[in-house]
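>>> Build me a structure from this.
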Amino acid sequence: MPHRLETAQRVVGTKQTLKAIQAGKAELVYLARDADEHVTGPVRRECEDRGIDMVEVDTMAELGKACSIEVGAAVACVMKSTQN
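Residues are numbered from 1 along each chain as shown. As a prediction, this is how the structure comes out:
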């Protein structure tokens with residue numbers, strides 16, 4: 001279970017995660033193994049291109065629960081700390 005998602009500043013969902021990655025704000029990305037490749041693929045490629053670490057989670061339900069939402073999530077990310 002990705003416990004870090006419970007307390008960290010995060011975004012959930014493919015579009016929001018892609019925006020965070022492209023803006024240089026994503027620190028760590030979680031991908032659900034049971035999500036469709038057409039959903040997770042663009043995020044995976046963007047992470048590989050930018051050298052962002054990825055963690056695979058078994059199910060969308062597990063990832064959604066870790067994000068404190070009541071539905072499954074294919075993708076989520078932990079945002080970089082803004083503290084100096």
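
>>> show me where pLDDT drops low in the protein?
1-2, 83-84 (pLDDT under 70).

>>> hmm, 80 instead?
Judged by pLDDT under 80, the chain has its weakly predicted residues at 1-6, 82-84.

>>> Mind naming the longest strand for it?
In the chain, with assignment by DSSP state E, the single longest strand is strand 26-32.

>>> Report the inter-axis angle for the top helix by length along the chain versus strand 26-32.
Scanning the chain for the helix with the most residues, using DSSP state H, yields helix 37-50. For helix 37-50 against strand 26-32, the angle between stretch directions is 150 degrees (axes from the mean of the first three to the mean of the last three C-alpha atoms, to 10 degrees).

>>> Alpha carbons of helix 37-50, as PDB, please.
The C-alpha trace of helix 37-50 is given here as PDB (Å, rounded to 0.1, in the frame of the first residue of the first chain):
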ATOM      1  CA  GLU A  37      -2.300   0.800 -21.000                       C
ATOM      2  CA  HIS A  38      -3.800   3.600 -23.100                       C
ATOM      3  CA  VAL A  39      -4.400   5.400 -19.800                       C
ATOM      4  CA  THR A  40      -1.100   4.800 -18.100                       C
ATOM      5  CA  GLY A  41       1.200   4.600 -21.100                       C
ATOM      6  CA  PRO A  42       1.500   8.400 -21.700                       C
ATOM      7  CA  VAL A  43       2.300   8.900 -18.000                       C
ATOM      8  CA  ARG A  44       4.800   6.100 -18.000                       C
ATOM      9  CA  ARG A  45       6.600   7.500 -21.100                       C
ATOM     10  CA  GLU A  46       6.700  11.000 -19.700                       C
ATOM     11  CA  CYS A  47       8.200   9.700 -16.400                       C
ATOM     12  CA  GLU A  48      10.800   7.700 -18.400                       C
ATOM     13  CA  ASP A  49      11.700  10.800 -20.500                       C
ATOM     14  CA  ARG A  50      12.100  13.000 -17.400                       C
END
